[in-house]
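Engineer: Turn this into a structure:
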Amino acid sequence: MKFSALDLAPEIQQALDACGYSQMTPVQEKAIIPARRGRNLLANAQTGTGKTAAFSLPILQQIHDRPKATESGCPRALILTPTRELAEQLADTIKRYAQFLPLTVTALYGGVNMDGQRKKLKAGVDIVISTPGRLLEHVVQCNVSLAKVEFVVLDEADRMLDMGFIADVSALLQQTPEKRQTLMFSATVTPTVNEFAKKLMTRHDVIRVAKQNATADTVEHVVYPVEEKRKADLFAELINKHQWYQVLVFTSTKAQADSLLVDLKIDNIPAAICHGDKSQGSRRRAIADFKAGKIQVLVATEVAARGLDIQGLELVVNYNLPYLAEDYVHRIGRTGRAGSEGKAISFVSREEERALDDIERLIGARIQRIYMPGYEVGSRDNLRKQLHKKAHKPRTNKTGRTKIIRAKGGTINSTAKNKKK
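Structural biologist: Next up is the predicted model:
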């Protein structure tokens with residue numbers, strides 16, 4: 001279905017034409033019409049499926065249909081999102097959709113001075129995109145009032161709940177009118193998400209555009225079994241062998257990210273890092289340089305998993321598997337977006353095999369293994385034998401007595417003394 005069939009306002013259609021959008025994605029086909037009619041929605045849509053347009057276009061159209069003067073500190077639409085990066089990305093995208101409308105869009109997030117944001121709110125904003133914590137700060141300081149909000153969007157609702165924002169979101173929505181339209185978009189629909197949706201919306205439609213917790217069909221998944229200590233060597237070899245131009249690589253901890261960055265620099269591979277210990281300015285520069293092609297590898301932790309939209313990104317590498325299987329879906333959602341093809345590569349050590357099993361159960365498919373010569377992983381049987389041998393190895397206590405320990409911890413001999421030679 002084409003956007004032109006929606007009979008949108010000429011200004012909105014002109015913006016879509018300028019963005020090069022003609023054909024709607026499945027989530028847009030299912031969500032735009034009921035949302036435009038004012039229905040409350042809970043939409044289960046994976047990242048990269050075009051959901052930003054699915055919730056913003058109906059809001060822009062309704063604001064256009066019911067024009068009002070922009071008021072100081074009183075937005076008409078509120079979009080809540082879990083991270084600073086995603087808030088910025090949403091603001092940039094929605095500004096493009098509204099570029100021919102007399103509307104003001106701004107993003108609020110932490111890590112920057114509040115004074116500049118306060119001035120923008122005071123000047124008047126129609127659409128506010130914000131992280132929950134920063135918006136609460138502005139509400140407490142009376143920089144913004146939510147009393148006239150007509151539209152509320154919770155983007156990445158599952159992530160906000162996972163990050164502990166449920167209390168902040170609830171407090172903010174209590175400041176909004178009861179008669180508002182609420183749109184929830186979530187990559188995964190868990191019992192917690194369903195329960196939260198029922199609390200926020202008296203009646204709502206549920207939209208699913210893919211099987212729950214599915215990954216995009218356009219993404220190819222592969223796994224490289226490898227020992228943890230050999231991952232950096234394998235990564236460098238694959239980059240050089242396949243001449244990867246642009247790689248987004250995820251680690252599970254900041255320490256792993258820092259260590260990988262050092263290894264990449266040793267191998268003369270242009271790289272930058274994006275994690276929570278870096279300043280907002282540093283993270284923005286790293287992302288901008290990556291998008292511009294100035295660096296070859298961007299190393300990131302979960303902080304970037306949902307906030308990056310890099311046009312044409314073909315490759316995502318899981319240097320370490322995520323602790324939660326659901327986060328695998330969010331990570332690889334950076335590639336294979338909006339119908340483009342992508343590839344998700346995961347390095348999996350013996351210690352991560354259980355996490356890999358969880359991921360395969362979640363996505364409902366077995367991921368192809370590729371065994372790289374020179375990076376073989378020891379067999380599971382040999383590993384069990386080593387652990388069994390270690391469990392029965394004699395140990396010497398501080399008094400010089402030898403204890404032979406059973407596998408379950410029982411002492412069977414503690415009388416033998418070590419003799420000096």
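
Engineer: And this protein, what are its domain boundaries?
Structural biologist: Domain assignment of the chain by automatic domain parsing yields the ranges 3-208, 219-369, 389-413.

Engineer: can you list the ones you listed in JSON lines and add mean neighbour count and mean pLDDT?
Structural biologist: All C-beta spots, glycine's among them, are computed from the backbone N, C-alpha and C. Shown next, in JSON lines, are these (neighbours: other Cβ atoms under 10 Å; pLDDT from 0 to 100):
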{"stretch": "domain 3-208", "mean neighbour count": "19", "mean pLDDT": "92"}
{"stretch": "domain 219-369", "mean neighbour count": "18", "mean pLDDT": "84"}
{"stretch": "domain 389-413", "mean neighbour count": "10", "mean pLDDT": "43"}
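
Engineer: Name the helix or strand for residue 175, please.
Structural biologist: Under the criterion DSSP states H and E, no helix or strand holds residue 175.

Engineer: that older thread, would you mind giving the domains of the chain as JSON lines with distance to residue 376 added?
Structural biologist: Output for the domains of the chain, formatted as JSON lines (distance: least, Cβ to Cβ, whole Å):
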{"stretch": "domain 3-208", "distance to residue 376": "34"}
{"stretch": "domain 219-369", "distance to residue 376": "8"}
{"stretch": "domain 389-413", "distance to residue 376": "21"}
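
Engineer: Tell me which of those domains lies nearest to residue 375.
Structural biologist: Among these, the nearest to residue 375 by Cβ to Cβ is domain 219-369 (4.8 Å).

Engineer: Okay, now the closest one: how far is its last residue from its first?
Structural biologist: 15 Å (Cα to Cα, to the nearest Å).

Engineer: Check the offset of that domain from the chain's centre.
Structural biologist: 12 Å (Cα atoms, centre = their mean, to the nearest Å).

Engineer: Now residue 237. Nearest residue, chain neighbours left out?
Structural biologist: Distances taken as Cβ to Cβ, 6 or more residues apart in numbering place residue 372 nearest to residue 237, at 7.7 Å, with adjacent residues excluded.

Engineer: Pretty sure residue 346 sits in a strand.
Structural biologist: Yes - according to DSSP: H, G, I helix; E, B strand; the rest coil, residue 346 belongs to a strand.

Engineer: can I have stretch 222-233 written out in CSV, keeping just the CAs?
Structural biologist: In CSV, the C-alpha atoms belonging to stretch 222-233 read as follows (Å, rounded to 0.1, in the frame of the first residue of the first chain):
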residue,chain,number,x,y,z
VAL,A,222,25.7,-16.9,11.8
VAL,A,223,27.8,-18.0,14.8
TYR,A,224,31.5,-18.4,15.1
PRO,A,225,32.4,-20.8,18.0
VAL,A,226,35.7,-19.4,19.5
GLU,A,227,37.5,-19.3,22.8
GLU,A,228,37.0,-16.0,24.7
LYS,A,229,40.7,-15.1,24.6
ARG,A,230,40.8,-15.5,20.8
LYS,A,231,37.9,-13.3,19.9
ALA,A,232,39.9,-10.2,19.2
ASP,A,233,42.2,-12.1,16.9
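
Engineer: thinking again about what came up before, how deep is the residue nearest to residue 237 tucked in, by neighbour count?
Structural biologist: Residue 372: 15 surrounding residues under other Cβ atoms under 10 Å.

Engineer: Just want to check the distance between it and residue 227.
Structural biologist: Residue 372 is 11 Å from residue 227, where distance means Cβ to Cβ, to the nearest Å.

Engineer: What of residue 191?
Structural biologist: Separation of residue 191 from residue 227 (Cβ to Cβ): 38 Å.

Engineer: what does residue 117 give?
Structural biologist: Distance, residue 117 to residue 227, using Cβ to Cβ: 48 Å.

Engineer: Wait, the residue nearest to residue 237 touches residue 224, no?
Structural biologist: Yes - if you go by Cβ atoms under 8 Å, residue 372 and residue 224 touch, sitting 5.8 Å apart.

Engineer: show me the contacts for the residue nearest to residue 237.
Structural biologist: Residues counted as contacts of residue 372 (Cβ atoms under 8 Å, 6 or more residues apart in numbering) are 224, 226, 234, 237-238.

Engineer: In helices only, show me the residues you listed.
Structural biologist: 234, 237-238 (DSSP state H).

Engineer: so who does the residue lying closest to residue 130 once chain neighbours are set aside touch?
Structural biologist: Distances taken as Cβ to Cβ, 6+ apart place residue 108 nearest to residue 130, at 3.8 Å, with adjacent residues excluded. With contact set as Cβ under 8 Å, 6+ apart, residue 108 has these partners: 87, 117, 128-131, 134-135, 138.

Engineer: returning to what we had before: mind putting the contacts of residue 372 in TSV, distance to residue 325 included?
Structural biologist: TSV is the format used below for the contacts of residue 372 (distance: Cβ to Cβ, whole Å):
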residue	distance to residue 325
224	19
226	20
234	23
237	28
238	24
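
Engineer: which of these lies closest to residue 259?
Structural biologist: Nearest to residue 259 among the contacts of residue 372 is residue 234, at 14.6 Å by Cβ to Cβ.

Engineer: Surely that closest one touches residue 224?
Structural biologist: Yes - in this structure, residue 234 is within contact of residue 224 by Cβ under 8 Å, at 6.4 Å.

Engineer: what's the overlap in contacts for those two?
Structural biologist: Common contacts of residue 234 and residue 224, defined by Cβ under 8 Å, 6+ apart, comprise 347, 372, 375.

Engineer: list the residues that contact both of residue 372 and residue 224?
Structural biologist: With Cβ under 8 Å, 6+ apart, residue 372 and residue 224 have common neighbours 234, 238.

Engineer: Helices of the stretch 201-350 of the chain, residue ranges please.
Structural biologist: Using DSSP state H, counting those that start in this stretch, the helices of the stretch 201-350 of the chain run over residues 231-242, 254-266, 280-291, 325-332.

Engineer: Tell me where the stretch 1-150 of the chain has helices.
Structural biologist: 10-19, 26-36, 51-65, 84-97, 114-123, 132-140.
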